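Trainee: Structure for this input, please:
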Amino acid sequence: MKMRSWLKKTTMGMMAFLMVFLSVFSSVPYANAAMQVQCENGRPVGSTMDRFADMNNLFYNPCDNQYACPSGSYLDGPIALSGSTAEEKIWSGLVTFLTPEQAAGVMGNMQSESHFNPAQHEISLMRRYQPGFNLDGHSNVSYGLGLIQWSFGRRIGMYNYVKSVDESLVRFFDDYSTYSPTYWDGERFIQAAGGEAFDALASLELQYLKDELDNNADYRGIYNTTTVYEAADYFLRHVERPLNPDTATRAGQAQAFYDRFAGGYGGSSSSSSSSSSSSSSSYSVGACQTNLQGLADYVKAYVWPTYHGAGFLDRMPAYADAVGRRVAASKYVGGTVGGVPGIDCGGFVTTIMQESGYDPTYNGCVSNTGPQEYWLREGGGSDKWVWLNPGGNSMNAADLQLGDVAFTGGYTGGCTAGGGHTYMFIGEINGFQTKIASASYGSASNGRAPMSGVEAVAGARWYRKVR
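Mentor: Okay, here's the model as predicted:
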């Protein structure tokens, strides 16, 4: 009897301990729970992810590392920014994971929330609670912070994410009297803190925003919007959620940004190839600075995963849509074969580089293959692209990464039209037959729409985007 009593008490004690343990685990900080998330196609899945999405606890995506840079090859700054003004920089970051319409919708909201100051405090609450308000505490207090004025627990999550990547950056949040004494705009922040600080802080906030959009079912609906107005309204009502939503104002601001930037930001004053001292940052991530997962998604959308013989003019639907939009906007799409535009090697590479946001200024000569290589090697793109094998040294696939661009044929130099062939390295992408993506201009019997290519790695001149 004593033994039975002891076993009963022991079993009940263990069950009680287990219940306490599980209850504690269910409320641990999201950064710890993220360690338990299962990954599929670069996204968290399973009950843990569902629980945290339901709780509106959002965290840095631990699965988004399929194309991570080799250790030591980069500095912190997950989303690279380019341009010389705050608005140009924010646009360049947003279009790495949003369509131009969606990016404009978000910017229309940011204009009202922070005027693009990444260290902006909600002034009315700052005056009420400062000094001494703990920015990574007080989850029951609204207190907006940052580009979209994250508040409540979302403010804490964003603050701690920035701190976890680069603790030195939180000084811009903490020193509100210097960087947010009243409602500033992004240009005032750049004047006070410098372009590098802006790039570093804003890029992390955009990465945090991307993770929010990816990991919350309600926020994720922004990806389904197709017009500027729809994107601005959705972001306002589902992500910002102010007390008195004013869609008309924010959609109007969004349309103005779209009109300025959708054709490639900014007119004569905003080309990143004319780079001011603030357009590149020591916080950028070197050869992997641009969102490579985003570029991979465009490869999947634009490129047939298998090789087809010559005379294949059937384009992937997303690529056909992009080419149609670009033709309407008088943007470069290369040649037309059999009445089908965009069946062209240089047209394909230019389109995917610009539309994905990997390099919105690609092909600054706005011409065919020869001038495209000149622009990378000696022209306006030479400040951010490097020639990997000068002198014709042979390259191996192991030395290349997603987004590297190849050229074959004679190099003539200059922006005067010249021939040759160009294609892109895509590496290992699930379902793709080869590690090359290419298209080919020619007659209707030998043109090829973008597809897995059979071009060689060796013998080509390879270039890589490094800024």
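Trainee: if I look at V95, how far off is P450?
Mentor: Noted for V95: a distance of 20 Å to P450, by CB to CB, to the nearest Å. Backbone N, C-alpha and C define where each C-beta goes, glycine included.
Trainee: Which of those two has more residues huddled nearby?
Mentor: Using other CB atoms under 10 Å as the criterion, V95 and P450 rank with P450 on top: 27 against 24.
Trainee: what helix or strand does that one sit in?
Mentor: Assessed by DSSP states H and E, P450 sits inside strand 448-452.
Trainee: Check the offset of that strand from the chain's centre.
Mentor: Remark: strand 448-452 is offset 25 Å from the chain centroid, using CA atoms, centre = their mean, to the nearest Å.
Trainee: Which residues does it contact?
Mentor: Residues outside strand 448-452 that contact it (CB atoms under 8 Å, 6 or more residues apart in numbering): 302-308, 310-316, 319, 340, 342-343, 348, 352, 432-434, 436-440, 442.
Trainee: one more time with 6 Å, if that's ok
Mentor: For strand 448-452, contacts defined as CB atoms under 6 Å, 6 or more residues apart in numbering pick out 302-308, 312-315, 319, 343, 348, 432-434, 439-440.
Trainee: quick one: which of the residues you listed sit in strands?
Mentor: A439, S440 (DSSP state E).
Trainee: Run the chain-centre distance for stretch 95-109.
Mentor: Counting by CA atoms, centre = their mean, stretch 95-109 comes out at 11 Å from the chain centroid.
Trainee: pLDDT of that stretch, averaged?
Mentor: Per-residue pLDDT over stretch 95-109 has a mean of 94.
Trainee: Can you pull the domain assignment for this protein?
Mentor: 86-284, 292-465 (automatic domain parsing).
Trainee: how deep is the nearest residue to D404 once chain neighbours are set aside tucked in, by neighbour count?
Mentor: Spatially, and ignoring its direct neighbours in sequence, D404 is nearest to F425 (4.3 Å; CB to CB, 6 or more residues apart in numbering). Look at F425: counted by other CB under 10 Å, it has 23 neighbours.
Trainee: Surely F425 and A398 touch.
Mentor: No: if you go by CB atoms under 6 Å, F425 and A398 don't touch, sitting 11.1 Å apart.
Trainee: From L209, how far out is the most centrally placed residue in the chain?
Mentor: Centroid-nearest residue in the chain: T96, 3.3 Å away (criterion: CA atoms, centre = their mean). Distance, T96 to L209, using CB to CB: 12 Å.
Trainee: Can you work out which residues contact both of the two?
Mentor: Between them, T96 and L209 share no contacting residue, judged by CB under 6 Å, 6+ apart.
Trainee: what stretches of the stretch 251-400 of the chain score poorly on pLDDT?
Mentor: 264-293 (pLDDT under 70).
Trainee: what about the strands in the stretch 201-350 of the chain?
Mentor: Counting by DSSP state E, counting those that start in this stretch, the stretch 201-350 of the chain has these strands, from start to end: 336-337, 340-341.
Trainee: The first one - contacts with which helices or strands?
Mentor: Strand 336-337 is packed against no helix or strand, with contacts defined by 3 or more CB pairs under 6 Å, 6 or more residues apart in numbering; DSSP states H and E.
Trainee: And the contacts of it?
Mentor: I343, A444, G447.
Trainee: Dump those residues to JSON lines, plus distance to A248.
Mentor: Converted to JSON lines, those look like this (distance: CB to CB, whole Å):
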{"residue": "I343", "distance to A248": "42"}
{"residue": "A444", "distance to A248": "49"}
{"residue": "G447", "distance to A248": "47"}
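Trainee: What about those residues, which one has the most neighbours?
Mentor: I343 (28 neighbours).
Trainee: need the contact list for it.
Mentor: L313, V337, G447, A449.
Trainee: how does it look with 7 Å?
Mentor: L313, G335, T336, V337, A439, Y441, G447, R448, A449 (CB atoms under 7 Å, 6 or more residues apart in numbering).
Trainee: now swap in P371 and tell me
Mentor: Contacts of P371 (CB under 7 Å, 6+ apart): C365, G414, C415, T416, A417, G418.
Trainee: Tell me the spacing between the fourth one and G370.
Mentor: For T416, the distance to G370 (CB to CB) stands at 8 Å.
Trainee: and the two? which has more neighbours close in?
Mentor: G370 (24 against 11).
Trainee: my guess is that one meets G419, correct?
Mentor: Yes: between G370 and G419 there is a contact under CB atoms under 7 Å: 6.2 Å.
Trainee: Can you name the residues bridging to A437?
Mentor: M424, S452 (DSSP bridges).
Trainee: what's the answer for V337, then?
Mentor: V340.
Trainee: roughly how far out does stretch 103-122 sit from the chain middle?
Mentor: 17 Å.
Trainee: then it to CSV, C-alphas only?
Mentor: Listed in CSV are the C-alpha atoms of stretch 103-122, where the atom choice follows Å, rounded to 0.1, in the frame of the first residue of the first chain:
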residue,chain,number,x,y,z
ALA,A,103,5.3,49.5,-52.0
ALA,A,104,3.6,52.8,-52.9
GLY,A,105,0.6,51.8,-50.7
VAL,A,106,3.0,51.2,-47.7
MET,A,107,4.8,54.5,-48.3
GLY,A,108,1.6,56.4,-48.4
ASN,A,109,1.0,55.2,-44.9
MET,A,110,4.5,55.8,-43.7
GLN,A,111,4.2,59.4,-44.9
SER,A,112,1.4,59.9,-42.4
GLU,A,113,3.0,57.8,-39.6
SER,A,114,6.6,58.8,-39.5
HIS,A,115,7.5,60.9,-42.6
PHE,A,116,10.2,58.2,-43.1
ASN,A,117,12.1,59.0,-39.9
PRO,A,118,13.1,55.5,-38.7
ALA,A,119,13.6,56.8,-35.1
GLN,A,120,10.3,58.7,-35.0
HIS,A,121,8.4,58.6,-31.6
GLU,A,122,4.7,59.1,-31.3
